[in-house]
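In: Predicted model and sequence below, questions to follow.
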Amino acid sequence: MNDEAQQLETPAEPVAAEPTPLEPAQPQLGELLIAARERWNLTDADLARQMRLALRQVQALEQNRFEDLPGNTFVRGFIRNYARVVQTDPEAFLQAYERCRPREQQPEIERNNEQIEFQNKPLPKWVWYLGALLLLALVAPLIIYLALHDDGAPIQAAKPAKTVASPAPPAPQDVPLILPPPPAVLQNSSPNPAPGAQATPPNVPATPVPAAKVLVPEPAANGEASVALNFEQDAWVEIRDKSGKIVFSKLSHRGETQAVQGKPPFSVVVGNAAGVRIAYNGKPFDLAPHVKVNVARFKLE
């Protein structure tokens, strides 16, 4: 019996609860921006130059330091501009920003529950006396005037004024109506046309304007070379000359053409290389062997 009582008194061992699966952490805004920039092999300085922002602002955006930026409205504009440069839909960036942006706290309005008592004080007697004197001073002259001019004579009705008939205007006489001569015909406006001139027939269709030619400049003098860029799609191009100086850096749009001259060799980086055609010193240049993930890097010597 004692053994059975001891077995009943021993507590049962607790059953370990099964671990709940953790939800995958969603990426922050800075991680998405850096991944999109590295797909184009661009540095943060390249992004700052394309977005026309300070480098510290781009770094604060990529490091989620939103307190160093002007405000939510400006940050959303920076994000859309960033997405345009890296050619990415900005909605994913904006959603990531909404998840991690600092929330603005509304200031609390202090309410004063104290009751304010309003006391209705009666007007002093001297105010009533002063009002009565002013009223008497205004009414007394009117009473005196009516008493002096009331002689009991009936008021006569005003006589109507005599109307003087105005003389009738003279009857209009018949005046002959003289019309101006009809305007001359445009084709016959010149009294003495030039000999051999022919009249232009109406409704002559205009001569169609020929389409613009593709920009292909000729080689420049003084040891310089020329590069012609024809954009069939939106693309970003950066060109450095022999000294490493940037002679061209721009995000151009479809249908634009650009001409660059400088000292060769040129170091060229082309984003979205499939939409750009390049001619070097008037000769087409094939970008296909230099393309990697739609970004071309090569030299023109």
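Out: Yep, that arrived.
In: which strands and helices sit next to the longest helix seen in the chain?
Out: Taking DSSP state H as the criterion, the chain has its longest helix at helix 125-149. Under the contact criterion of 3 or more C-beta pairs under 8 Å, 6 or more residues apart in numbering; DSSP states H and E, helix 125-149 touches no helix or strand at all. C-betas here are computed from N, CA, C, even on glycine.
In: Tell me the helix or strand right after it.
Out: strand 225-231 (DSSP states H and E).
In: what angle do the helix or strand that that following strand is followed by and strand 225-231 make?
Out: For strand 225-231, the following helix or strand on the C-terminal side (DSSP H and E) is strand 235-240. Strand 235-240 runs at 170 degrees relative to strand 225-231, counting by axes from the mean of the first three to the mean of the last three C-alpha atoms, to 10 degrees.
In: Tell me which residues are up against strand 235-240.
Out: Strand 235-240 has contacts (C-beta atoms under 8 Å, 6 or more residues apart in numbering) with 40, 46, 50, 85, 227, 229, 246-252, 258, 260, 262, 266-273, 275-276.
In: continuing past that strand, what's the next helix or strand?
Out: Immediately after strand 235-240, counting by DSSP H and E, sits strand 246-252.
In: Check the contacts of strand 235-240 for burial and list the buried ones.
Out: Among the contacts of strand 235-240, those classed as buried by 16 or more other C-beta atoms under 10 Å are 40, 46, 50, 85, 227, 229, 248, 251-252, 258, 260, 262, 266, 268-273, 275-276.
In: Which secondary structure element of this protein has the lowest mean pLDDT?
Out: helix 2-9 (a mean of 50; mean pLDDT, DSSP states H and E).
In: who are the neighbours of the helix or strand just after that one, in terms of helices and strands?
Out: The first helix or strand that comes after helix 2-9 along the chain, using DSSP H and E, is helix 29-39. When contacts are defined as 3+ C-beta pairs under 8 Å, 6+ apart, helix 29-39 sits against helix 55-62, helix 72-85, helix 90-100.
In: and the angle from helix 29-39 to helix 55-62?
Out: Using the same axes, to 10 degrees: helix 29-39 against helix 55-62 is 110 degrees.
In: buried sites along helix 29-39?
Out: Applying 16+ other C-beta under 10 Å to helix 29-39 flags L29, G30, L32, L33, A36, R37 as buried.
In: For the very next helix or strand once past it, the averaged confidence score.
Out: Next along the chain after helix 29-39, taking DSSP H and E as the criterion, comes helix 44-51. For helix 44-51, mean pLDDT rounds to 91.
In: what's helix 44-51 in contact with?
Out: Residues contacting helix 44-51 (C-beta under 8 Å, 6+ apart): 37, 54-55, 57-59, 62, 78, 81-82, 85-86, 236, 238, 249, 251.
In: what about 10 Å?
Out: Helix 44-51 is contacted by residues 33-34, 36-37, 40, 42-43, 53-59, 61-62, 77-78, 81-82, 84-86, 236, 238, 246, 249-251, 269, 271 when judged by C-beta atoms under 10 Å, 6 or more residues apart in numbering.
In: Return the set of buried residues in that helix.
Out: The neighbour-count check on helix 44-51 (16+ other C-beta under 10 Å) flags D44, D46, L47, A48, R49, Q50, M51 as buried.
In: quick one: that helix to helix 72-85, angle?
Out: Using the same axes, to 10 degrees: helix 44-51 against helix 72-85 is 100 degrees.
In: and the nearest residue to G244 once chain neighbours are set aside, what pLDDT?
Out: Counting by C-beta to C-beta, 6 or more residues apart in numbering, G244 lies nearest to S267, which is 7.7 Å off, once chain neighbours are set aside. The model reports S267 with a pLDDT of 93.
In: same question, P284
Out: 95.
In: How about it: which residues does it bridge to?
Out: A279 (DSSP bridges).
In: Can you tell me how far A137 is from Y145?
Out: A137 sits 14 Å away from Y145, taking C-beta to C-beta, to the nearest Å as the criterion.
In: before we move on, the earlier item: can you put the buried residues of helix 29-39 in TSV and add pLDDT?
Out: Below are those laid out as TSV (pLDDT from 0 to 100):
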residue	pLDDT
L29	89
G30	88
L32	89
L33	91
A36	90
R37	92
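In: just curious, which of the residues you listed is nearest to L133?
Out: L133 lies nearest to L29 out of these, by C-beta to C-beta, at 80.6 Å.
In: Report the contact partners of the nearest residue to the closest one once chain neighbours are set aside.
Out: Excluding its sequence neighbours, the residue lying closest to L29 (C-beta to C-beta, 6+ apart) is A96, at 4.2 Å. A96 makes contact with Q26, P27, Q28, L29, G30, E31, L32, L33, N64, I79 under the criterion C-beta under 10 Å, 6+ apart.
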